[in-house]
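> sharing a sequence plus its predicted fold:
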Amino acid sequence: MLIEIKSLTKKYNSFVAADHINLSIKSGEIFGLLGPNGAGKTTTLMMLSTLLKPTTGTAIVNGFDIIKEPSQVRKSIGMVFQEPSSDELLTGYENLKLHTMMFGVPANLREQRIKEGLELVGLTAEKNQLVKKYSGGMRRRLELARGLSHHPKIIFLDEPTLGLDPNAREQIWAYIKKLVKKENVTIIITTHYMDEADRLCDRIAIIDRGKIVAIDSPENLKRKIGGDIIQLKFKGERNLNSLKKLKFVKKIDKFENGAALTVSDASKHLQEILKVIGTVESVEMRTPTLNDVFLHYTGKEYHQNGESPEGGFFEKAMTYRARSK
C-alpha cells in the first residue's frame with residue numbers, strides 16, 4: 001500500500017476532529033473523501049501532508065512516517081488547493097519554473113518537466129500568457145501541472161472543480177484520469193460534487209464526526225443500500241410509523257418537508273405506500289445514488305451547491321500556520 005493510516009487521531013481539547021482513522025490506499029488509485037461540514041476530511045489531509053501533527057496515531061506515506069520523516073513525505077506529495085494559488089503576475093511557464101526550483105528539481109530536468117506538464121494539461125500554446133488572463137478551467141489545469149512537476153507519488157486535490165462550469169469540469173476530470181494513467185500517481189480527492197466522486201473515484205471513504213462510517217467503490221456502496229429509492233415531498237409533519245410496519249420498506253430517512261424510502265420493488269409497492277402516507281406534493285422513484293448512500297450513513301443530505309461549508313484546505317492550512325507562529 002502506498003498510504004497506510006494507523007489510528008490517526010486529532011483532538012482540540014474535548015473536540016475530536018479525527019477519531020482513530022485506519023485506512024489503506026493503493027498505488028495508482030483515485031481515492032475520495034466525502035463528509036459533511038466538520039467531519040474531519042480537511043483535518044485528515046492536513047495530517048497526511050504534515051501541516052498538522054496528530055494527537056495520536058500516524059501514517060506512512062510512500063514509505064515515510066508523517067511524524068518522523070515529514071520532509072520526505074513532502075517530497076512525495078503534490079498539492080492542488082481549493083483556492084487558486086498560482087501567481088497571477090507570472091506566466092504559466094514561469095509559475096511552473098518557480099515551482100520546480102522550490103521543490104529542488106535538478107536544473108537539467110526542469111525544462112523537460114515543465115514541457116511535459118504543459119502538454120499533459122493542454123496549455124502549451126498558452127504557456128507565455130499571464131495567469132490573470134487564464135479562465136478558471138485553465139488555472140485549475142495549470143495547478144494540476146504544477147502539482148505534478150516535481151514527479152510526486154501522491155497528489156492531494158481539494159475540491160478540484162469547485163466553481164467551474166460543466167464543460168471545464170469535464171475537462172478537469174479527463175486530465176485527472178490522464179494523470180493517473182500516464183504518470184502512475186495516486187490521487188486523494190475531496191469533493192462536494194457527488195457526480196464527480198462517482199465518475200472519478202475507484203473507492204470512497206465517507207467520514208462523519210471524525211470516523212470512517214463506510215468505505216468501498218461507488219458501485220458497491222450504492223449496491224449495499226439495496227432496493228430502490230422513493231422520495232416523497234409533503235407539507236408539514238407526517239407520522240411515518242405506519243410505513244415502518246410495511247415489510248418491503250427497508251429504511252426511512254426523514255428530512256425537511258419529505259422523506260426518502262428504501263424499498264424492495266418500488267414500482268410494485270408505490271400505490272400501497274401512497275395509500276398509507278396520504279396526499280403528497282411530489283413523488284420520485286429511482287435507483288440509489290451516492291447522495292442516497294451519504295444520507296444512509298450520515299443521516300444528512302450532501303450539499304452540492306458549489307460552496308464548501310467546511311472551508312478549503314488552503315484556508316485551513318494558512319490558519320494553522322498563522323496560529324503556529
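Done, it's in.
> so R139 makes contact with S86?
Yes: applying C-beta atoms under 8 Å as the test, R139 and S86 come out as touching, 6.1 Å apart. Placement of C-beta: from N, CA and C, glycine included.
> any residues in contact with both of those two?
Shared contacts of R139 and S86 (C-beta atoms under 8 Å, 6 or more residues apart in numbering): V131.
> next one: phi and psi at T262?
Dihedral pair for T262: phi -90, psi 120, per degrees, to the nearest 10.
> what segments of the protein are helices?
In the chain, the helices defined using DSSP state H lie at 41-48, 70-76, 92-102, 107-120, 136-148, 166-183, 194-200, 218-225, 241-244, 266-277, 290-298, 313-324.
> can you check which of those helices gets nearest to N128?
N128 sits nearest to helix 92-102 of all the helices of the chain, at 6.0 Å, using C-beta to C-beta.
> buried residues in that closest one, which are they?
92-97, 99-100 (16 or more other C-beta atoms under 10 Å).
> ok, T91 touching K132?
No: the pair T91 / K132 is not scored as a contact, 10.0 Å apart, by C-beta under 8 Å.
> between these two, who's got more neighbours?
T91 (19 against 12; other C-beta atoms under 10 Å).
> got a list of what that one touches?
T91 makes contact with 127-131, according to C-beta under 8 Å, 6+ apart.
> just the buried ones from these?
127, 131.
> what sits against I67?
By C-beta under 8 Å, 6+ apart, the neighbours of I67 are 53-54, 58.
> with K181 instead?
K181 neighbours (C-beta under 8 Å, 6+ apart): none.
> P106: neighbour count?
So P106, with other C-beta under 10 Å, has 8 neighbours.
> OK, contacts around it?
Counted by C-beta under 8 Å, 6+ apart, P106 has zero contacts.
> pLDDT score assigned to it?
On pLDDT, P106 comes in at 93.
> so this protein: which segments form each domain?
For the chain, automatic domain parsing gives the domain ranges 3-220, 227-287.
> if we can go back for a sec, most packed of the helices of the chain?
helix 41-48 (a mean of 25; mean count of other C-beta atoms under 10 Å).
> so what secondary structure elements neighbour it?
Packing partners of helix 41-48 (3 or more C-beta pairs under 8 Å, 6 or more residues apart in numbering; DSSP states H and E): strand 3-12, strand 15-25, strand 30-34, strand 56-61, strand 154-158, strand 186-190, helix 313-324.
> show residues contacting the third one.
Residues lying outside strand 30-34 but in contact with it, judged by C-beta under 8 Å, 6+ apart, are 25, 41, 44-45, 176-177, 180, 186-191, 197, 200-207, 290, 294, 302.
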